[in-house]
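# Quick one: sequence and predicted model below, then my questions.
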Amino acid sequence: MTGRLHLNVNILNAGVFGGSWRYPGTDALASYGIEHYTAIARKAEAAKLDAVFLADGPSLDPSIRHRTGNNLEPTTVLARIAAQTERIGLIGTLSSSYNDPVEIARRLGDLDYVSGGRFGWNVVTTAGPVAARNFGRADEPDHGLRYRRAASFVEQVVATWEGRTELRSPQGRPVIVQAGGSNDGKRLAARVGEVIFSADQDIEKARAFRSELRSGAADFGRNPDEIVVLPGLSTVLGSTEAEAKQRRELLDELLPDAYARDRLSGQLGFSLDGLADDEPIPAHLLRDPAEAGGSQTFNRMVRDIIDRERPTLRQLLKKLSGGGGHRIVVGTPEQVADDIERWFRFGAADGFNVMPDVLPSGFDDFADHLVPELRRRGLFRTDYDGTTLRDHLGIGLPDARAVDESSLVSAK
Amino acid sequence: MSGEAVKVVVEIAVGEASHVSLADADAIVAVAQDVGVTAIRLVDHVGERQTLDASVVAAYLAGKYTDIGWVIDAPTTHNAPYNLARRILSLDRATGGRAGVVLLAGVGDEVSDAAAPDRDATDPADRWIEYARILTQLWESFPSAALLGDQENAVVAEDALIRPIDFVGRFYRVAGPLDGPSSVQGRPVLIATEPAKVGWSRVATVADAVIVAHGEINNAAAELVAALWSAGRRREEVALLARVNDTRAVPDLDGWSAAHGVDGIVLAVEGGAREVLSAVRDLAPQASRGRPGTLRTEFAVPDPERVRA
C-alpha cells in the first residue's frame, strides 16, 4: 500500500441505481449519447482519478423496458476518450468467452498504444444465456469451463503483447483487471489480475478477501504489492446527512418495481412470483451459489444480506435498490470520506471502484466535494505523477509467462 | 447519383514502418477535413503487414475531427459478427451517422467456429454474404424510435419494437438484438470491395457502396447495373467508387467520373505521409466543402427505410 488511495469512476450508463435515469434534473437518455461518457471522463481527469471504467456485456439486457443499459462498445468509447484527455486511465470490460484471442490481443494492444499506455482490460467471463445466444450457443458455458478458458485466454493475449516489437505502448502492455468473488474467480485473479474489483459489504470480509488474493498471488510467484484491490462503492452524497438520505429515499421511490424484482430474481436464480412482500424469502428456495448459475459473486452477496439481516422481500428489494449488491454509502462528503478512510486504513481496500448513484450529478458531487476532502486528509493525489495507467496505479510491468498457444480452452 | 459532386475518400494505412504513423494520420485527416474530403478509409493490412486496428484508430481520430466520415476495413476473420456489428454501430452513433465498414471476405473466428451450424461450409464468398446480412439485421434490431426515456411512466424503451434477429445460417447462429439503438443514418454504410471475388450477384443484394480497382472501371458500372437489376434494386441505391493511386490518373474528376458512371473515388496514394498530404491538397479545388451530413447522405444512397420501400 502506497499511503494513497486509488479511485476509478464506473460510468455505469445513467448511474448504479435502477431509478437513476428518472432522478429529477437528469436527462433520461443521456447515456445513449457519446458525450455523456467523454464529459464524465474529462471531469474525472480534472479530479486526477486513476481511471474511468466501463462495464460491458455483448448483449441487450432484457430489463431494457425499465432501466437504461450499457449500450456503446467500450473500446470505441475509450479510444474517443483517449483523444479528448491526456492522462486518465481507460479501463474497459471485454469478454474472454466471446472474443477471438488473436483479434482482441491486436485491438486492445493497439488501444493501449494509441492512448499512450493508459488502457486496462477488465476480463470477464460473461454469465448468462442471453449473451451466449449471440454467439451460436444455447446457454452459457459452465462456470468452471468459463474460468479455465479465461486463464488460458488471458495468458495467450498477454504473451502476444509481450511479443510485440512494434507499436508497444509506454506502459509495455495493458493492465489486467479482473473481478470475481467465486473460487474460480479468485484463483484467476491471483494468477493474472493486477487490479481486482471486489464486492463486499463487510469490512472484515473485504480484508480477508484482500489478504487471500495477496497470498494467492505470492503462491503464483507474484509480488503481492503489485495487486491493487478495489471494492465497488456506490455513493449517495448530500451537503447534509438529511439531504443525502432524502436523495437515497427518492431513488428508492423512482426504482421501477418490475425491474428490481427481475434483477433480484436473476441474481438468486429463481422466480419471485407468488412470494409475499412482507415475509422473508423462504429458506428452502435458496440454493448454493455455486449451483445457482449466473454470477456467483452477486448471488453470494445477496445471500449474505439475507442471512445477516433476515429482511422481508420488500426490505431486500429496497436495500439492493436495483444496484446489484455493491456496498452503498450515504452521507455528507465528510462522512463518506470517513468510511473510505476506515476501509483503506484497515487493509480492506487499496481504493475504490466508485459507482455514483446518478450520472453525471452524483459524480460531479464526488469530484467537487469528496475528492477535495480526501486530499485534505492526504489520502489522494493532487496531481498525476506519471502518464500511464501503471504509473497511476503504482505497479510495474511483471514478467509474462511463456504459453503454449495450443492450450487455449474453447468456450463451448 | 448524377448531378451530385464526386465524392472523395482518402485511404490510409496507419501503423509503423511502411505505414503512416498515428501523428501523420492526424495531420492528414486535418487537411482532408479542411478540403472537404467525404471520408477517411482505414485499411486493415497492406500485404502481410497489419495496420493499427482500424476501429480503434477511427474512434480515436473521430474524437478530434467531427466533420468527416469514417470507413473502416474489417475482415470476417477473427471477428464474431455480433462483436463487429456493435463496434461499427457504436462508432456510427458516436460520429453522428458518419461511419461505414468495408467488409472483407475471409474465414471465421475462434468463438463462432466452435458453434458453427454447418462445419462443412467453407466458401469465403458464402460466408461474406451471410455475415453481411447479419450485420444489416443487427443494425436495425433496436430501432432508435424504441427509445422513449419516459421518466413519468418508468419506461426507458418500448421493448416490443426491439426484436431479436434469430439468424441461423450455415456459418453463424446469432440471436440478437444489438445492445444499442440504430444511428441517425438508419444503419452504417456497408461497403464491398473486389466484387468479382465475392460475386456481383451477392454484393448487389446488400451493399450500399462498392469499391472497384481503377483498371476494372470500364466493366464495373455495367456489372453493377446488371447485378442490381437481378436483385431488384436500382442503380441509385448503390455508390460506385473507383480506387485510384494517383490524382494525375483523373485530372478532370467530374468529367472522368461521369464518363465512367462512377460516383466517387477512393484515393489510395502509394508512399508515405508526405505523398498522401500532397495528393489530398491537390484535391482541394475539386472536392465539395461544408459540414457534411451522414455518410449515406454524402454518398447519396438511401437510408434503410427507403431501401425496403
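On my side now, so go ahead. Residues are numbered from 1 along each chain as shown, chains lettered A, B, ... in the order given.
# Which parts of the stretch 51-200 of chain A are helices?
A:74-84, A:101-114, A:129-132, A:143-162, A:183-192 (DSSP state H, counting those that start in this stretch).
# which one is residue 261 nearest to, not counting chain neighbours?
If you meant another chain, say so; for now it's chain A. A:Leu272 (5.3 Å; Cβ to Cβ, 6 or more residues apart in numbering or on different chains). C-beta: built from backbone N, CA, C; applies to glycine.
# Chain B is the one I meant
Leaving out its chain neighbours, the residue that sits closest to B:Gly261 by Cβ to Cβ, 6+ apart is B:Ala221, at 3.4 Å.
# Look at the one you found and report its pLDDT.
The predicted local confidence for B:Ala221 comes out at a pLDDT of 93.
# what do you get for the one 4 residues further on?
In this prediction, B:Val225 carries a pLDDT score of 96.
# Going by secondary structure, it is in what exactly?
helix B:217-231 (DSSP states H and E).
# A:Val354 now?
Using DSSP H and E, the secondary-structure element containing A:Val354 is strand A:351-356.
# re earlier: can you pull the contacts of the residue nearest to A:Arg261?
Residues near A:Leu272 by Cβ atoms under 8 Å, 6 or more residues apart in numbering or on different chains: A:261, A:264-265, A:281, A:313.
# Buried residues in the helix or strand following the helix holding B:Val225, which are they?
Once the chain leaves helix B:217-231, the next helix or strand it forms, by DSSP H and E, is strand B:239-244. Of the residues in strand B:239-244, those buried by neighbour count under the rule 16 or more other Cβ atoms under 10 Å in any protein chain shown are B:239-244.
# Do you know the pLDDT at the residue nearest the centre of chain A?
For chain A, the residue lying nearest the average C-alpha position, counting by Cα atoms, centre = their mean, turns out to be A:Phe197 (5.8 Å). Reported pLDDT at A:Phe197 in the predicted model: 92.
# Name the residues linked to it by a beta bridge.
A:Ala179, A:Leu230 (DSSP bridges).
# Can you give me every residue that contacts it?
The contact partners of A:Phe197, taken as Cβ under 8 Å, 6+ apart, are A:122, A:177-179, A:230-232, A:353.
# Mind doing that once more with 7 Å?
A:Phe197 is in contact with A:177, A:179, A:230, A:232, A:353, counting by Cβ atoms under 7 Å, 6 or more residues apart in numbering or on different chains.
# what does the stretch 151-300 of chain A put close to chain B?
Taking Cβ under 7 Å from any Cβ of the partner chain as the contact definition, the stretch 151-300 of chain A meets chain B at A:166-167, A:256.
# Which of these sits closest to B:Thr193?
Within these, distances to B:Thr193 taken as Cβ to Cβ reach their minimum at A:Leu167, with 24.9 Å.
# any idea what sits nearest that closest one, other than its immediate chain neighbours?
A:Tyr113 (4.7 Å).
# just wondering, since we're on the residue nearest to A:Arg261, how far is it from chain B?
Distance check for A:Leu272 against chain B: by Cβ to the nearest Cβ, to the nearest Å, it reads 18 Å.
# Determine the three-state secondary structure at that residue.
For A:Leu272, the secondary structure call by DSSP: H, G, I helix; E, B strand; the rest coil comes out as coil.
# show me where chain B has strands.
Across chain B, reading from the start of the chain, the strands by DSSP state E fall at B:7-12, B:39-42, B:45-46, B:49-50, B:69-75, B:99-104, B:147-150, B:155-157, B:167-168, B:173-174, B:189-193, B:209-213, B:239-244, B:264-267.
# Tell me how many other residues surround the residue nearest to A:Phe380 when sequence neighbours are not counted.
In space, not counting the residues next to it along the chain, A:Phe380 is nearest to A:Leu374; the distance is 4.1 Å by Cβ to Cβ, 6+ apart. Using other Cβ atoms under 10 Å in any protein chain shown, A:Leu374 has 21 neighbouring residues.
# ok, now A:Leu313?
The local packing count at A:Leu313 equals 17, with neighbours defined by other Cβ under 10 Å.
# again, but for B:Thr77
Neighbourhood size, B:Thr77 [other Cβ under 10 Å]: 17.
# What of A:Gly351?
As a burial measure, A:Gly351 scores 26 neighbours (other Cβ under 10 Å).
# That one and A:Leu5 touch, don't they?
Yes - at 4.3 Å, A:Gly351 counts as touching A:Leu5 under the criterion of Cβ atoms under 7 Å.
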